[in-house]
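Colleague: What follows is a predicted structure for the sequence shown.
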Amino acid sequence: MGKKHKRRKRVLFISSLGGHLTQLLQLEPLFEHYEYHIITEKSVITKDLAKKYPISFLVYGARNYLFKYMFKFSFNTVKSFYYFWKLMPDVVVTTGAHTAVPMCYIAKLFGKKVVFIESFAKTTTPTISGRLIYPISDLFIVQWEGMKKHYPKAVYGGSIY
């Protein structure tokens, strides 16, 4: 009998644009260890990433227009279900923000692991996405020791940069 080939874990890396995505891409050294996929918001900035990474896109949804944002958030939630079924990740890793929240809850609903890395930019106050995902996360990482007062069960991981 031959050895059973162990399947590599499927890891979905998801974040919003900007600093969240910049931080997520700092995790690139981990990519080679997993069957991975990235999800972020579609924009002029992110379209070129498809040349380098396996990537899918959600609709960009800035929160400055609440009414439009609610429609985009709802659409992205449905699209997140689609991506979840298509990719079937074992673990979801995110640096936030709002774009990632539905995917984390979907993953948890299906018994998958959720890893959240609180933003490097947040040194004293928690993010909204951090507060929403903290209760369901399997691993919650903060980049500043002082943030443990907001997230007592968090792990201090130091700077992602």
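Modeller: Structure received. Fair warning: this is a prediction, and the values are worked out from it, not measured in the lab. Numbering: from 1, shown residues only.

Colleague: any idea how far residue 91 is from residue 85?
Modeller: Going from residue 85 to residue 91 by CB to CB, to the nearest Å gives 16 Å. To be clear about C-beta, it is placed using only N, CA and C from the backbone, and glycine gets the same treatment.

Colleague: okay, those two: which has more neighbours?
Modeller: Between residue 85 and residue 91, residue 91 has the larger neighbour count (other CB atoms under 10 Å), namely 18 against 10.

Colleague: My read is that that one contacts residue 113, right?
Modeller: Yes - Residue 91 is within contact range of residue 113, at 4.4 Å (criterion: CB atoms under 8 Å).

Colleague: Name the residues contacting each of these two.
Modeller: residue 107 (CB atoms under 8 Å, 6 or more residues apart in numbering).

Colleague: For the residue nearest the centre of the chain, give its distance to residue 150.
Modeller: Nearest to the mean C-alpha position of the chain, by CA atoms, centre = their mean, lies residue 94 at 2.2 Å. Relative to residue 150, residue 94 is positioned 17 Å away (CB to CB).

Colleague: hmm, back to that, need the phi and psi values for the residue nearest to the centre of the chain.
Modeller: When read as degrees, to the nearest 10, the backbone of residue 94 gives phi -140, psi 150.

Colleague: Could you give the bridge partners of it?
Modeller: Residue 94 has these beta-bridge partners by DSSP bridges: residue 14, residue 116.

Colleague: Test my guess that it contacts residue 118.
Modeller: No - in this structure residue 94 lies outside contact range of residue 118 using CB under 8 Å: 10.2 Å.

Colleague: May I have the residues that are in contact with residue 40?
Modeller: 14-17, 21, 24, 46, 49, 55, 57-58, 99.

Colleague: avg pLDDT for the longest helix along the chain?
Modeller: In the chain, assigned by DSSP state H, the helix with the most residues is helix 66-87. Taken as a whole, helix 66-87 carries a mean pLDDT of 95.

Colleague: Report the buried residues of it.
Modeller: For helix 66-87, a neighbour-count test (16 or more other CB atoms under 10 Å) marks 72-73, 76, 79-80, 83-84, 87 as buried.

Colleague: separation between residue 43 and residue 16?
Modeller: 10 Å.

Colleague: between the two, who's got more neighbours?
Modeller: Taking neighbours as other CB under 10 Å, residue 43 and residue 16 compare with residue 16 leading, 23 against 13.
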